[in-house]
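Engineer: Sequence first, then the predicted structure:
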Amino acid sequence: MKSNKLNLTDEIKPKVDGFNNKVLQPIKSWFSKYISKKIFIVIKKTFFDIYSLKKLIITIIFLLFVPTIFIFLPTGVDFGLISTHHAATIISIAILFPAFFFTLGIFFALMIGFSGSSLIAEEVKSGTMLILVSKPISRIKIFLGKYIAVIFYGMLISFISIFTLGWIGVLMKSANIDHFISLLPFLTALYFYSLFILFLFTSITMALSSIFKKPRTVSITVFILVIFSFIAFFLIRIFIGQFYGIYQIYHFDLGYHLGNVFVLFIETLNAIPPSAAWQMLFGQLTGVYSLTSTIDPDQGINLGGLEKTNYYLPIFSLLIWVLIAALLLFFGIWSLKKREISI
Amino acid sequence: MIQKNLKINYEVWSERLTKIYGKGKEALEAVSKIDLRVKPGVHGFLGPNGAGKTTTYNMLVGAISISEGKAKIRGKKAGSVAAKQVIGFLPQDPVFYEDMTGEDYLIYMGQLGGLKSKEAKRKAQELLDYFDLFDARNREISKYSSGMKQKIGIAAALIHDPKVLILDEPTANLDPLGRADVIKKIRDLSDKVSVFVSSHILSEIEQMCEDVTMINHGKIVISDSIKNIKKSYVSNLYILDTDMNEKFLEMLKNIDFISKVRIEEIDGKIHIIPKDQDKLRELIPQMLIKNKATLYSFHQPELSLQDIFMEIMAKKEDIKK
């Protein structure tokens, strides 16, 4: 190996493709501008920077800790005497609240915030970004590579957490595989909701990481946002609920919108039947449900659930926050593009 | 059209390249309207600390924006991906992913440069070998010495086969042996790539470069070949050494076209600064013949780049005052 001769004559020639027609060319140029092999190199590097088995296990334990306590709470139901569907509903309701507030709420959002906060800000601060931006890769690809790595990491974490949580629920309550299968629509709804949270909080975190100099500032900002979303507005609803509707505070209440989207996924996948048993608590905490029963206007029959406050249609909440997340993603890219990188 | 061709012929070209930090009254012009003309070969970029070298480099590699003017690397707009494809950059005090091994780091840099995985690995090993780091290839960069880090930095700059190597103070923080090693490597590399290298240690630049650009307070002070610069800055100091220096000293003291004459304590030779150099060159042979003295040497000492730089800077400061 010790030749000590250096061959620098190899040229990196662009690949010439025979399909140079008017339709394929714009697609190809767009593809090469935003998505190329280099982006996967950044994704791979970033993913393994934020991933370690030890970290993964600790994170999952953290995410599952609170829901597991809820699963342990006695239901007073003999699972051998009720239908599979009914048993799955009881397990779902036991998991629902802690899953929304902790597993896919406070803890998950913070996990994304802490994982993503350093990806741009830390690299700029330490000086490694200076070498990175001097390489023949656009800043858009650097940003997207890091962004997608966080998304993949979050998808992995939420997948493991949600399905492990389902198993824990089944094992603690009934240990019956049929109950787990019946639980799948609910777990799938949770997973789709986790993707929404992941998209939103990754966009927030990465946009902040592109602006702020210190990773700690990013983490603190995400932390404050999470606390406001899940705790502060909840306290407002509890203690000064009369002002909540009057002053239309729900416009700014991320917790309400998240609850609305959560319910949208639950309803769309028919994951849990509407019932005051879970809607009452959920409504008080998120503001999605009022405390009035849904009564059929013609028949006068209680339809088995509470009325929605309907400040926003759930689909609107979803679209608004998907749009905000997309705007934040573009803002993050733009910020990194404009950012002065020097040591 | 001629102008365009010229831009392409230069490895690095800039016109009125300017960097302004801040706005309004607090605006600071770190680099002011500089015209760079870097030809193939090794080109030195000199200047004291804070002169604007690093800011210029950062603009050329696209790390910071250009406030005014323009710059091209081999005819490609500075900061564009196309321009970055032809440059390899080593920043001042480079920072690495310390938890990566030397080989993994180079492979990563190579892949970002557009190499395929296998090709990147082959290139990485070739460079590790060239920079005598092959045995340390599986060691984490955090465990590398300063010299090794500097070499891995140059290797990372080289891995995607750039045509222009931009090195910002590559010998900073190195011991004398490490410096000599890096300088030798840069000189060897100059057969294959053009090098635009900065340093505030002028003797190093003199060893490496054919051409230099001197910068101070964000402005170019001089840009030419070292040979030309030395020619244009010939000193009016003459050094005379004979077997009767004391006697000659007394005689020269009485000559009206000599402004200063003395025997230098260090070398024992007569140092003469004449008002009229031609007259001095005529006088000395006559004196030697008349006194039957033996001549050991009579010459003008060549100024080092350091001397010239100091002289230029001193002149500029005088003009400012």
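Structural biologist: Arrived safely, thanks for sending.

Engineer: from here on, contacts and neighbour counts on C-alpha atoms
Structural biologist: Fine.

Engineer: buried stuff in stretch B:43-60?
Structural biologist: B:43-48, B:51-60 (16 or more other C-alpha atoms under 10 Å in any protein chain shown).

Engineer: What mean pLDDT does it get?
Structural biologist: Throughout stretch B:43-60, pLDDT has a mean value of 92.

Engineer: Right, and chain B sits closest to which residue of the stretch 201-343 of chain A?
Structural biologist: With C-alpha to the nearest C-alpha as the measure, the residue in the stretch 201-343 of chain A that lies nearest chain B is A:Glu340; the distance is 4.6 Å.

Engineer: Filtering the buried residues of stretch B:43-60 by proximity to chain A, which remain?
Structural biologist: B:Asn58 (C-alpha under 8 Å from any C-alpha of the partner chain).

Engineer: Show me which residues of stretch B:281-295 are buried.
Structural biologist: By neighbour count on 16+ other C-alpha under 10 Å, the buried set for stretch B:281-295 is B:284, B:295.

Engineer: again, but for stretch A:37-45
Structural biologist: Under the neighbour-count criterion of 16+ other C-alpha under 10 Å, stretch A:37-45 has A:38-43, A:45 buried.

Engineer: wait, does that stretch make contact with chain B?
Structural biologist: Yes - if you take C-alpha under 8 Å from any C-alpha as the test, stretch A:37-45 does meet chain B, through A:38, A:41.

Engineer: So which residues make contact with that stretch?
Structural biologist: Identification of contacts with stretch A:37-45 by C-alpha atoms under 8 Å, 6 or more residues apart in numbering or on different chains yields A:137, A:141-142, A:144-149, B:108, B:111-112, B:114.

Engineer: mind redoing it with 6 Å?
Structural biologist: With C-alpha atoms under 6 Å, 6 or more residues apart in numbering or on different chains as the contact definition, stretch A:37-45 has outside contacts at A:141, A:145-146, A:149, B:112.

Engineer: pLDDT (mean, whole number) over it?
Structural biologist: For stretch A:37-45, mean pLDDT rounds to 92.

Engineer: Check the offset of that stretch from the chain's centre.
Structural biologist: The gap between the average C-alpha position of stretch A:37-45 and the chain average comes to 22 Å, counting by C-alpha atoms, centre = their mean, to the nearest Å.

Engineer: Can you give me the neighbour number for B:Glu311?
Structural biologist: Residues near B:Glu311, counting by other C-alpha atoms under 10 Å in any protein chain shown, number 13.

Engineer: for B:Ala124, what are its contacts?
Structural biologist: Applying C-alpha under 6 Å, 6+ apart, one finds that B:Ala124 lies in contact with B:106-107.

Engineer: tell me which of the buried residues of stretch A:37-45 is nearest to chain B?
Structural biologist: If you rank these by distance to chain B using C-alpha to the nearest C-alpha, A:Lys38 comes first, at 5.6 Å.

Engineer: where does the closest residue to chain A within the stretch 151-300 of chain B fall, phi/psi-wise?
Structural biologist: Taking C-alpha to the nearest C-alpha as the measure, the point where the stretch 151-300 of chain B comes nearest chain A is B:Asp161, at 5.7 Å. In this entry, B:Asp161 is assigned phi and psi values of phi 60, psi 60 (degrees, to the nearest 10).

Engineer: Within its local environment, how many residues does it see?
Structural biologist: B:Asp161 has 25 neighbours, counted by other C-alpha under 10 Å.

Engineer: Would you mind giving the buried residues of stretch A:37-45 as JSON lines with secondary structure added?
Structural biologist: Formatted as JSON lines, the entries for these read as follows, by DSSP: H, G, I helix; E, B strand; the rest coil:
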{"residue": "A:Lys38", "secondary structure": "helix"}
{"residue": "A:Ile39", "secondary structure": "helix"}
{"residue": "A:Phe40", "secondary structure": "helix"}
{"residue": "A:Ile41", "secondary structure": "helix"}
{"residue": "A:Val42", "secondary structure": "helix"}
{"residue": "A:Ile43", "secondary structure": "helix"}
{"residue": "A:Lys45", "secondary structure": "helix"}
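
Engineer: who in the stretch 151-300 of chain B is up against chain A?
Structural biologist: Residues of the stretch 151-300 of chain B that fall close to chain A, judged by C-alpha under 6 Å from any C-alpha of the partner chain: B:Asp161.

Engineer: what residue ranges in the stretch 151-300 of chain B are flagged as low confidence?
Structural biologist: Judged by pLDDT under 70, the stretch 151-300 of chain B has its weakly predicted residues at B:234.

Engineer: Which member of the contacts of stretch A:37-45 is positioned nearest B:Ser297?
Structural biologist: Within these, proximity to B:Ser297 (C-alpha to C-alpha) peaks at B:Leu112, which comes in at 59.1 Å.

Engineer: need the contact list for A:Tyr289.
Structural biologist: Counting by C-alpha under 6 Å, 6+ apart, A:Tyr289 touches A:283, A:307-309.

Engineer: Of these, keep whichever come out buried.
Structural biologist: So, by 16+ other C-alpha under 10 Å, the buried ones in the contacts of A:Tyr289 are A:283, A:307-309.

Engineer: Counting by contacts, list what whichever strand or helix holds A:Glu267 packs against.
Structural biologist: A:Glu267 is part of helix A:254-268 when elements are defined by DSSP states H and E. Using 3 or more C-alpha pairs under 6 Å, 6 or more residues apart in numbering or on different chains; DSSP states H and E as the contact criterion, the neighbours of helix A:254-268 among helices and strands are helix A:276-286, helix A:314-338.

Engineer: quick one: is the longest one near chain B?
Structural biologist: Right, helix A:314-338. No - in terms of C-alpha under 6 Å from any C-alpha, no part of helix A:314-338 sits within range of chain B; the closest distance is 7.8 Å.

Engineer: How far does that helix sit from its chain's centre?
Structural biologist: The chain centroid and the centroid of helix A:314-338 are separated by 14 Å, computed with C-alpha atoms, centre = their mean.

Engineer: Contacts for that helix, please.
Structural biologist: Surrounding helix A:314-338, the residues in contact under the criterion C-alpha under 6 Å, 6+ apart are A:139-140, A:200, A:203, A:207, A:210, A:257, A:260-261, A:264.

Engineer: Tabulate these in TSV, adding columns for neighbour count.
Structural biologist: Shown next, in TSV, are the contacts of helix A:314-338 (neighbours: other C-alpha atoms under 10 Å in any protein chain shown):
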residue	neighbour count
A:Arg139	22
A:Ile140	18
A:Leu200	21
A:Ser203	28
A:Ala207	28
A:Ser210	27
A:His257	27
A:Asn260	28
A:Val261	24
A:Leu264	19
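
Engineer: B:Glu68: which of those is nearest?
Structural biologist: Closest to B:Glu68, out of all of those and judged by C-alpha to C-alpha, is A:Arg139, at 21.6 Å.

Engineer: need the contact list for the closest one.
Structural biologist: Applying C-alpha under 6 Å, 6+ apart, we find A:Arg139 in contact with A:Lys337.

Engineer: Try it again at 7 Å.
Structural biologist: Applying C-alpha atoms under 7 Å, 6 or more residues apart in numbering or on different chains, we find A:Arg139 in contact with A:133, A:336-337.

Engineer: Looking at the stretch 101-250 of chain A, what residue ends up closest to chain B?
Structural biologist: Proximity to chain B, evaluated over the stretch 101-250 of chain A using C-alpha to the nearest C-alpha, is greatest for A:Pro136 at 4.7 Å.

Engineer: State the number of residues packed around that residue.
Structural biologist: 25.

Engineer: Touching, it and B:Ser80? I think so.
Structural biologist: No - when contacts are counted by C-alpha atoms under 7 Å, A:Pro136 is not listed as touching B:Ser80 (8.0 Å).

Engineer: Which stretches in chain A count as strands?
Structural biologist: Secondary structure of chain A (DSSP state E): strands at A:289-295, A:302-308.

Engineer: Closest to the centroid, which residue in chain B?
Structural biologist: Within chain B, one residue has its C-alpha closest to the average C-alpha position: by C-alpha atoms, centre = their mean, that is B:Gly44, at 2.9 Å.

Engineer: Name the next helix or strand downstream of the host helix or strand of that one, please.
Structural biologist: Taking DSSP H and E as the criterion, the element that holds B:Gly44 is strand B:42-46. Scanning forward in sequence from strand B:42-46 by DSSP H and E, the next helix or strand is helix B:53-60.
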